[in-house]
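Peer 1: got a predicted structure here, sequence first:
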Amino acid sequence: YIGGDRAIHHTIRLLQLFGGVIKSTPDDRKIIPKRGIFGKSPWVAGRARKIKGDLDELLMSDILPSWVSMCRHGILGKTGLPRENEIAPLFVSLRSYVNDPAKPVTWALAFGVHAMLTGVLETDHSLYKVMDVSRAVFDNYFRQIDRAMLLANNEEEMRHNQSWLHNTSMISFLKNLGLDVYCNSAIWNPVCGGTTFSYTTLFGNLEGGCAVIDCQAQLRITLHLYHALLINGIIRRDQIPMLNRLYDCFKESKAIWDGDLPRRGELVKKFWVCFGLNHVGAKRLAEQAKRIARGVSQTISNVDEDCRASWKQRKMHGIEPSEIATCFRRVCDRDFHDVQDKYHTAEQKKIARGTEQYLFAVRLNDTLDSIENDQQLLALNLISCAAYLEQFVCSLTRVLQWEPVLKSGSLIIGEDMRHGFAYLFAQHLLGALDFAQNPMEHEFLGVPLGLASSTFMNCFFERIDSSTVMWFQSIVYE
């Protein structure tokens, strides 16, 4: 509602007034408000009944001065952020306002700030609780990332992986959206806090997370093993909650599965296709794995010239967030080609179909539904998952006694040990689960592959506390 004691023209007038303050304050000077001019100071939540008058002091003395500092000297400075127009249009409008305060106040800015004030008014009695919980969730996310970076630093190849280093650095930079130097009511009111969470989730955790969770092929290796153990009946569907969630969330990823989930007899070939080999090379290696599993060949030195030629031509595809999260596709890609109208009656559709208001309502409702449906994925800290998955793969190398073989250089197939691991993983472990008569007891290097891999997988992920990989979860507030 934008009339009466919530009149938007009053908000516009205050923005125009504050624009003069911005214009007269040099960039290297901080705006120091004269408190009490626009209402009782300090402003306290719990006593506001209307926007006009009751929230003027909050806007003019707390919110706007903080946003000027953030836009002039903080993360929302001159350069801008990736995807900010799609995810954080309010922040873009505020920066434009700060950079050119002499321009007329735009309707986009007016409605954005008015929505901010409306959010404060609607949550007035619980505002401090909302802000405290929001900050706690935000801080928890970056604590999890700090822990993940320390964890990943224990694994040599992750310490030098450029995708991991670049993307974790970029994601960690988003911590500046919640710096303590800014007023809580400016950055953690419901609208601004929601915008910060949207940006952190969609750009940081989803887009950035998809770039790191498989940067060493650790996700596709783990999920292909998990799937193989599942279809062999060696582990149960609900036995490992973290992997169960990842398995569900990434089922639609072409990079991980390249279509339908493989059946027994297809595991090795499907893995090699997803690892970037062409179908001819993948089929050839699957046949080799079948001979090994059936006892025709037990050697680990069958990396012939044809295999190396296929390897040089392989092309792995990255995980696209739009494939696994409909809400990302709606918000960031602005893809609405398959939206469904679930809320208008037939009569309403007949009257409103084709109008801009109807189209907006349908797209908005569908986007909100997609956010609800994607909650299982959105709650995961993909950067933390990446570190744990990498630690699992590296530890599995040691458990299966493969490390001496890989370090000896007798299995040279790619640029690093992970490529050699992929070869042993597909040809021997997946090969046993794909073709052996008794996968549990099938041995390689004296280790029963099905038994050892399933037992270690269960033990490893059982000890991971969900609080280290879930950044949205229930908390106790006192």
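Peer 2: All right, it came through fine. Numbers count the residues shown, from 1 in each chain.
Peer 1: helix or strand for Gly276, just tell me which one.
Peer 2: Using DSSP states H and E, Gly276 is not contained in any helix or strand.
Peer 1: next one: Cys459
Peer 2: Taking DSSP H and E as the definition, one finds Cys459 inside helix 449-462.
Peer 1: show me what that helix is in contact with.
Peer 2: Judged by C-beta atoms under 8 Å, 6 or more residues apart in numbering, the contacts made with helix 449-462 from elsewhere in the structure are 225-226, 229, 232, 234-235, 239-240, 242-243, 388, 392, 395-396, 399-400, 428-429, 432-433, 438-443. For the C-beta atoms, the positions are set from N, CA and C on the backbone; glycine is no exception.
Peer 1: just the ones in strands from those, please.
Peer 2: Using DSSP state E, Glu443 are the members of these that sit in strands.
Peer 1: any quick PyMOL command for the buried ones out of the contacts of helix 449-462?
Peer 2: Selection command for PyMOL covering only the buried members of these, criterion 16 or more other C-beta atoms under 10 Å:
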select buried, resi 225+226+229+232+234+235+239+240+242+243+388+392+396+399+400+428+429+432+433+439+440+442
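Peer 1: helices and strands of the protein: which one bottoms out on pLDDT?
Peer 2: helix 305-313 (a mean of 64; mean pLDDT, DSSP states H and E).
Peer 1: remind me which residues of the protein are low pLDDT?
Peer 2: Scanning the chain for pLDDT under 70 picks out 1, 78, 296-312, 409-415, 474-478.
Peer 1: show me where it has its strands.
Peer 2: Counting by DSSP E, the chain forms strands over residues 443-444, 447-448, given from the N-terminal end onward.
Peer 1: dump those to TSV, plus distance to Thr79.
Peer 2: Putting these into TSV (distance: least, C-beta to C-beta, whole Å) gives the following:
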stretch	distance to Thr79
strand 443-444	53
strand 447-448	53
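Peer 1: out of the ones you listed, nearest to Arg147?
Peer 2: Closest to Arg147 of these is strand 447-448 (C-beta to C-beta; 31.1 Å).
Peer 1: ok, how many other residues are close to Ile221?
Peer 2: If you count neighbours by other C-beta atoms under 10 Å, Ile221 ends up with 26.
Peer 1: got the contact list for it?
Peer 2: Under the criterion of C-beta under 8 Å, 6+ apart, the contact partners of Ile221 comprise Val393, Phe421, Ala422, Phe425.
Peer 1: from Thr326, how far off is the closest residue to Cys249 other than its chain neighbours?
Peer 2: The spatially closest residue to Cys249, leaving aside those adjacent along the chain, is Leu377, at 4.3 Å (C-beta to C-beta, 6 or more residues apart in numbering). With distances taken as C-beta to C-beta, to the nearest Å, Leu377 is found 10 Å from Thr326.
Peer 1: and the helix ranked longest in the chain, what's buried?
Peer 2: Taking DSSP state H as the criterion, the chain has its longest helix at helix 127-152. By neighbour count, with 16+ other C-beta under 10 Å as the criterion, the buried positions of helix 127-152 are 127-128, 130-131, 134-135, 137-138, 140-142, 144-145, 147-149, 151-152.
Peer 1: and what of stretch 100-109?
Peer 2: So, applying 16+ other C-beta under 10 Å, buried residues of stretch 100-109: Pro101, Val105, Leu109.
Peer 1: of those residues, closest to Leu58?
Peer 2: Distance to Leu58, by C-beta to C-beta, is smallest for Leu109 among these, at 17.3 Å.
Peer 1: the spatially closest residue to the closest one that is not a sequence neighbour and Val105, how far apart?
Peer 2: Spatial nearest neighbour of Leu109, chain neighbours left out: Ser93 (4.2 Å); criterion: C-beta to C-beta, 6+ apart. Ser93 sits 10 Å away from Val105, taking C-beta to C-beta as the criterion.
Peer 1: rewinding a little: which residues does the residue nearest to Leu109 contact?
Peer 2: Remark: with contacts taken as C-beta under 8 Å, 6+ apart, Ser93 is in contact with Thr106, Ala108, Leu109, Gly112.
Peer 1: returning to that earlier point: any idea how far the residue nearest to Cys249 lies from Leu430?
Peer 2: In this structure, Leu377 and Leu430 are separated by 26 Å, where distance is defined by C-beta to C-beta.
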